[in-house]
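Undergrad: make a model of this:
(chains A and B)
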Amino acid sequence: MSTRKGVLAIYNTLSGKKELFRPIHEGQVGMYVCGPTVYSNVHLGNCRTFISFDLAYRYLLHLGYKVRYVRNITDVGHLENDADEGEDKISKKARAEKVEPMEIVQKYTLDFHDVMTAFNALPPNIEPTATGHIIEQIELINTIIKNGFAYESNGSVYFDVEKYNANQPYGELSGRKIEDLIANSRVLDGQTEKRAPLDFALWKNASDEHIMKWPSPWGLGFPGWHLECSAMSAKYLGEVFDIHGGGMDLKFPHHECEIAQGCAATGKKPVLYWMHANMLTLNGKKMSKSAGNSLLPADLFSGENMLLSKGFHPMVVRFFMMQAHYRNTLDFTSEALNAAEKGFEKLMLAIENLMVLVPSSNSSINTKVLIDGFYAAMDDDFNAPALVACLFDAVKQINAIVEGRATINKEDLSILQKEISVFVFEVLGLQRPVEKSDDQRLSNVMALVLELRGSARENKDWVTSDKIRDGLSNAGIVVSDGKDGASWK
RNA sequence: GGUCUCGUAGCCAAGUGGUUAGGCACCGGUCUGCAAAACCGUCUACAGCGGUUCGAAUCCGCUCGAGACCUCCA
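TA: Predicted coordinates:
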């Protein structure tokens, strides 16, 4: 696949344009994605971002790149708000549940991993935690202070945004001007430690009652949220790396601050390509836990939620997400999920048929055009919905071959089988849902039941045959009458 | 209030100057004892009003509507 390197275009938030992807080191990619703050269960909106970057990761791997994918776990420093008395999310939850903060971290990290596994998201190569990198963070703060872009105040350290902005623009990524930011910044109580409202914390002094704190040159305290990602990405990917991803809502201030921290520490912009995944909406609005407008994956799978009439398989949900581009908002509705479920089943059925097709001596379909379409879609900024459309073109062709309206030769069949498998299972990361039962005894019983029903049908004993069909239906088994006899699932 | 994004058929959603995206639903058909399933076909849309152009869903302007960020969020 090495011949395809160099044709992938990625939309770079920093330039506002699609750019041809050229990694720093030939054949290698360093990718960092802001992970979750593990203070509660991840909701479906959180999941969309990670699934979006899983798609990017998978396609980069497919193109043959050696990827180092780093996704952090934020387990300290994420405050409820920007006021000085803002409480750490993990601490607050630990206090509420009367457990150690690390018990909160452990519980919700495990939940996050379970959910990611259910969605078939590949694990990152490194999953660093903020609390595991306090030393690196203190070192980074020291460097920024030494370079003159941060100052200590009352046991806390703040980044001096105005001083930084004198030489390098602050707000480049999110398209903001510092004058507008100053004009619009809210004046919060208790910000007397800062020289200017825009300055953000690199290190926060911990009060006596604060339960998560570490010794530092500035006293007991804890790191600032923005700093964590800078320290961890630099440690594992270097001062400058290829791709930084995250949710659209992190663009400002989080990612803006990361750029400032990186430049202040090294004089170099830390990231070549900034990628931002858009939000999953519910009722037309961003899914958000704090706004009470969110849905938990577990509820979606089980169907135990007022919004849902039934549960959906994780792969149906993943397929639903793949039908929208990662840079656009996607609206969640029960109806849209139902539609995705039908489409997903249609795709899976066609692939099953493809794998057992009997080749002819010649092909009436153009396999190359189909496959080129797959690549063209993904090369265009990971356009999964365009890929899905191409896959359904292939489905139509497969069905035509199945029904004898088209033919495919042995060579084309082999290529099509391989490429469709690659794009559906490896790139889109879909999985065939496991069969309801591989119980041999049930299979034997069903074979007998269907044989008896078949006899009844031959004798036009519709009462018996329908009784069997309805009875099985009540037992959760659907009988389908095809040309070559009945089947069940 | 500031900055920005979006508005595509009943629903979800690609497409950013010229070739009917796609999925689901609806409707029609094939198959079937009936039904379901499956398959085939149909449905040719781009918020409104102007402008630029041989040609606009796409570019520009205005209007209306929705959302995001500016405070914690993926």
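Undergrad: strands of the stretch 51-200 of chain A, start to end?
TA: Applying DSSP state E, counting those that start in this stretch to the stretch 51-200 of chain A gives strands spanning A:66-71, A:150-153, A:156-159, A:200-205.
Undergrad: the longest helix along chain A close to RNA strand B?
TA: For chain A, the longest helix by residue count, based on DSSP state H, is helix A:334-355. Yes: if you take CB under 7 Å from any atom of the strand as the test, helix A:334-355 does meet RNA strand B, through A:335-336, A:338-340, A:342-343, A:345-346, A:349-350. C-beta coordinates here come from the backbone N, C-alpha and C atoms, glycine included.
Undergrad: hmm, back to that, which among the strands of the stretch 51-200 of chain A is found nearest to RNA strand B?
TA: Evaluated over these, closeness to RNA strand B peaks at strand A:200-205, with 7.7 Å, by CB to the nearest atom of the strand.
Undergrad: what's in contact with the longest helix of chain A?
TA: Applying CB atoms under 8 Å, 6 or more residues apart in numbering, the set of residues contacting helix A:334-355 from outside is A:307-309, A:312-313, A:315-317, A:319-320, A:323, A:391-392, A:394-395, A:398-399, A:402, A:416-417, A:420-421, A:424, A:430, A:432-433.
Undergrad: pull out the buried members of these.
TA: Using 16 or more other CB atoms under 10 Å as the burial test, these include A:308, A:312-313, A:315-317, A:319-320, A:323, A:391, A:394-395, A:398-399, A:402, A:416-417, A:420, A:424, A:430 as buried.
Undergrad: tell me which of the residues of helix A:334-355 next to RNA strand B is nearest to RNA strand B?
TA: In terms of CB to the nearest atom of the strand, no member of the residues of helix A:334-355 next to RNA strand B lies closer to RNA strand B than A:Gly343, at 2.4 Å.
Undergrad: how close does A:Leu354 sit to RNA strand B?
TA: 12 Å (CB to the nearest atom of the strand, to the nearest Å).
Undergrad: now the residue of chain A found nearest RNA strand B: closest residue in space that isn't a chain neighbour?
TA: Closest approach of chain A to RNA strand B (CB to the nearest atom of the strand) occurs at A:Gly247, with a separation of 1.7 Å. The shortest distance from A:Gly247 to any residue that is not its chain neighbour, by CB to CB, 6 or more residues apart in numbering, is 4.5 Å, and that residue is A:Thr49.
Undergrad: now do stretch A:359-369: everything it contacts.
TA: Around stretch A:359-369, the neighbours that count as contacts under CB under 8 Å, 6+ apart are A:397, A:400-401, A:406-410, A:412-413, A:415-416.
Undergrad: cutoff 6 Å now
TA: Here stretch A:359-369 makes contact (CB atoms under 6 Å, 6 or more residues apart in numbering) with A:397, A:406-410, A:412-413, A:415-416.
Undergrad: got the residues you listed as TSV, with distance to A:Ala94, pLDDT and secondary structure columns?
TA: Compiled in TSV, the contacts of stretch A:359-369 are given as follows (distance: CB to CB, whole Å; pLDDT from 0 to 100; DSSP: H, G, I helix; E, B strand; the rest coil):
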residue	distance to A:Ala94	pLDDT	secondary structure
A:Gln397	57	96	helix
A:Ala406	62	94	coil
A:Thr407	65	95	coil
A:Ile408	60	96	coil
A:Asn409	64	95	strand
A:Lys410	63	96	helix
A:Asp412	60	96	helix
A:Leu413	58	97	helix
A:Ile415	55	97	helix
A:Leu416	54	97	helix
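Undergrad: so which of these is surrounded by the most neighbours?
TA: A:Ile408 (25 neighbours; other CB atoms under 10 Å).
Undergrad: show me what contacts that one?
TA: Taking CB under 6 Å, 6+ apart as the contact definition, A:Ile408 lies against A:359, A:363, A:401.
Undergrad: closest one of those residues to A:Thr192?
TA: Ranked by distance to A:Thr192 (CB to CB), the contacts of A:Ile408 are led by A:Ile401 at 74.1 Å.
Undergrad: how would you label the closest one: helix, strand or coil?
TA: What DSSP: H, G, I helix; E, B strand; the rest coil gives for A:Ile401 is helix.
Undergrad: now it, nearest residue through space, not along the chain?
TA: Counting by CB to CB, 6+ apart, A:Ile408 is the residue found nearest to A:Ile401 once chain neighbours are left out, at 5.4 Å.
Undergrad: about what we covered before: near RNA strand B too, which of the buried ones among the contacts of helix A:334-355?
TA: Among the buried ones among the contacts of helix A:334-355, the ones lying close to RNA strand B by the criterion of CB under 7 Å from any atom of the strand are A:320, A:323, A:395, A:399.
Undergrad: at which residues are the strands of the stretch 301-450 of chain A located?
TA: Assigned strands in the stretch 301-450 of chain A, in chain order: A:330-332 (criterion: DSSP E, counting those that start in this stretch).
Undergrad: need the residues of it near RNA strand B, please.
TA: Proximity of the stretch 301-450 of chain A to RNA strand B is assessed by CB under 7 Å from any atom of the strand, with A:320, A:323-325, A:328-331, A:333, A:335-336, A:338-340, A:342-343, A:345-346, A:349-350, A:380-381, A:383, A:385-386, A:388-389, A:392-393, A:395-396, A:399-400, A:403 identified as the residues in range.
Undergrad: which of the residues you listed count as buried?
TA: Among these, those classed as buried by 16+ other CB under 10 Å are A:320, A:323-325, A:330, A:338, A:340, A:343, A:350, A:380-381, A:383, A:385-386, A:388, A:395, A:399.
Undergrad: pLDDT weak spots in chain A?
TA: With pLDDT under 70 as the threshold, chain A has low-confidence stretches at A:1-6, A:80-86, A:186-191, A:435-438.
Undergrad: contact partners for the nearest residue to A:Asp249 once chain neighbours are set aside?
TA: For A:Asp249, ignoring the flanking residues on the chain, the nearest one in space by CB to CB, 6+ apart is A:Met279 at 6.9 Å. Remark: with contacts taken as CB under 6 Å, 6+ apart, A:Met279 is in contact with A:248, A:286, A:329.
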